[in-house]
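J.: generate coordinates for the sequence data below:
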Amino acid sequence: MSWLPLHSGHPLMVHLPLVAFPLALAVDVLARWKPDRRIREVGTTLWWLGFAGAVAAVGTGLLAYSRVEHSDVAHPLMTLHRNLALSALGSLLIAGLVRWRRPPSWLAVGFSTLGIAGIGVAAYFGGEIVYRHAIGLPTAVLEQVMMERGGHRHATMPEAPESRGADSGVAGAGVDSATGAPSEHLDGPQHRH
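T.: Purely as a prediction, here's the structure:
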């Protein structure tokens, strides 16, 4: 069994701060309306969990940023994802400091809200670079997957009259030999799913 590279832990690490910080904010808002030492202690625990998760997420994310294979098109999105995450963490650190120095305050709640919104947007772009640009998939694996999928990109095409076939004069259009249904592909065998 081969060990996963350290940066592969990034997708796992991001979940703790994504859960802990919003819960900490909710507890802090509750503490504003119902001052209670126990509620504040729960919020403090959630803040520490969020920061521990954020340190792990940022550390593995920076490793991934410098190590994963990626395209020129994806690189600016990776940089945006990184910068948003670091900015959000900065806002959450300010919120944590304000929270530590004072009783529950709206200033801390404001910085928390800003930071949580920032990590939400950063998470969206993280999903984009993984699912739209296949970041994290080594090129050799990506090539293997493409070959397993038939070595071509699938495209959907509306139903066409049966007279329209491979000789119809429509570029890229053809008829699947097994089903007789119209198909369109950029390259490789033509068929329809």
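J.: where along the protein do the strands fall?
T.: With strands called from DSSP state E, the chain shows them at 173-175, 182-184.
J.: what about the first one, average pLDDT?
T.: In this model, strand 173-175 has a mean pLDDT of 43.
J.: now the last one
T.: The average pLDDT within strand 182-184 is 43.
J.: all further residue positions should be reported with the first residue as 713.
T.: Sure, I'll start counting at 713 from here, so that last one is strand 894-896.
J.: below-threshold pLDDT in this protein: ranges please.
T.: Along the chain, segments meeting pLDDT under 70 span 713-719, 863-905.
J.: what's the domain layout of the protein?
T.: In terms of domains, the chain is parsed into 718-855, 864-905 (source: automatic domain parsing).
J.: as TSV, these with mean neighbour count would be great.
T.: (Each C-beta comes from the backbone N, C-alpha and C, glycine too.) Formatted as TSV, the domains of the chain follow (neighbours: other CB atoms under 10 Å):
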stretch	mean neighbour count
domain 718-855	17
domain 864-905	13
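J.: how much space between the spatially closest residue to H727 that is not a sequence neighbour and G771?
T.: Closest residue in space to H727, ignoring its immediate chain neighbours: G765 at 7.5 Å, by CB to CB, 6 or more residues apart in numbering. Separation of G765 from G771 (CB to CB, to the nearest Å): 11 Å.
J.: now list whatever residues contact both of the two.
T.: M725 (CB atoms under 8 Å, 6 or more residues apart in numbering).
J.: next one: I806 from M858, what distance?
T.: For I806 relative to M858 (CB to CB), the value is 45 Å.
J.: can you report phi and psi for A846?
T.: phi 60, psi 30 (degrees, to the nearest 10).
J.: do R844 as well
T.: phi -100, psi -30.
J.: swap in L849?
T.: According to degrees, to the nearest 10, L849 has phi -90, psi 120.
J.: show me what contacts it?
T.: Here L849 is in contact with 781, 857 (criterion: CB under 8 Å, 6+ apart).
J.: please report how far it lies from V780.
T.: Distance of L849 to V780, given as CB to CB: 9 Å.
J.: before we move on, what about Y836?
T.: Y836 is 19 Å from V780, where distance means CB to CB.
J.: check E855 too.
T.: Between E855 and V780 the computed distance is 16 Å (CB to CB).
J.: what's the answer for T825, then?
T.: Separation of T825 from V780 (CB to CB) stands at 31 Å.
J.: how about G839?
T.: Distance of G839 to V780, computed by CB to CB: 15 Å.
J.: try A829
T.: 26 Å.
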